[in-house]
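Participant: Okay, here's the prediction I keep looking at, along with the sequence it came from:
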Amino acid sequence: MTAATSITVRVPLAIRHRPGRKTVVTPMTDGVAPVTTRADPTLVKALARGFRYQRMLDEGRYASITEMAEAEKVDRGYIGRLLQLTLLAPELIELALNGGPDPIDPSMIGTKIPLDWNSQRAGRKAPRAKIAERHGFRG
């Protein structure tokens, strides 16, 4: 018979509590610090939800935004604002997901987003941190 053996693995890390989320901090390896993203988590969630809602409409799960809002137990206007995010220029979406500087002008979200991508690019000068507080996106 062989004796049972156990292995203990120790990983040096620290969990830091930050407002709204926990962050795992790992030590530097070979003198290189880990790459962190500066993406706004509220904006990333809003984009993900917008594309999810659009996919559900495209697949025919729901016939209308009103029907979807009732089933998802959220406000119809909230879904409408999130669906508008699917109309953004691809490079603005990429900037938002990669944490680029000011990907979206918050005033575009509460109103009708222009379909012309050049107009969208021209309107990306306001700070992105105000998006959540101005337009009621939930984290």
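Facilitator: Thanks, I have it. Residues are numbered from 1 along each chain as shown.
Participant: Any stretches of this protein with poor pLDDT?
Facilitator: The chain contains residues with pLDDT under 70 at 1-2, 13, 15-37, 101-111, 123-139.
Participant: Okay, buried residues for the longest helix seen in it please.
Facilitator: Across the chain, the longest stretch assigned as helix under DSSP state H is helix 41-59. In terms of neighbour count (16 or more other CB atoms under 10 Å), helix 41-59 has its buried residues at 42-43, 46-47, 49-50, 53-54, 57. All C-beta atoms are positioned from the backbone trio N, CA, C, and that covers glycine.
Participant: Past it, which element shows up next along the chain?
Facilitator: Using DSSP states H and E, the helix or strand that follows helix 41-59 towards the C-terminus is helix 65-72.
Participant: What are the contacting residues of that following helix?
Facilitator: Here helix 65-72 makes contact (CB atoms under 8 Å, 6 or more residues apart in numbering) with 53, 56-57, 61-62, 75-76, 78-80, 83.
Participant: Could you list every helix and strand in contact with the longest helix of the chain?
Facilitator: helix 65-72, helix 76-84, helix 90-98, helix 130-135 (3 or more CB pairs under 8 Å, 6 or more residues apart in numbering; DSSP states H and E).
Participant: Can I get those in JSON lines including mean neighbour count and distance to residue 115?
Facilitator: JSON lines is the format used below for the helices and strands packed on helix 41-59 (neighbours: other CB atoms under 10 Å; distance: least, CB to CB, whole Å):
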{"stretch": "helix 65-72", "mean neighbour count": "14", "distance to residue 115": "18"}
{"stretch": "helix 76-84", "mean neighbour count": "17", "distance to residue 115": "10"}
{"stretch": "helix 90-98", "mean neighbour count": "16", "distance to residue 115": "13"}
{"stretch": "helix 130-135", "mean neighbour count": "16", "distance to residue 115": "19"}
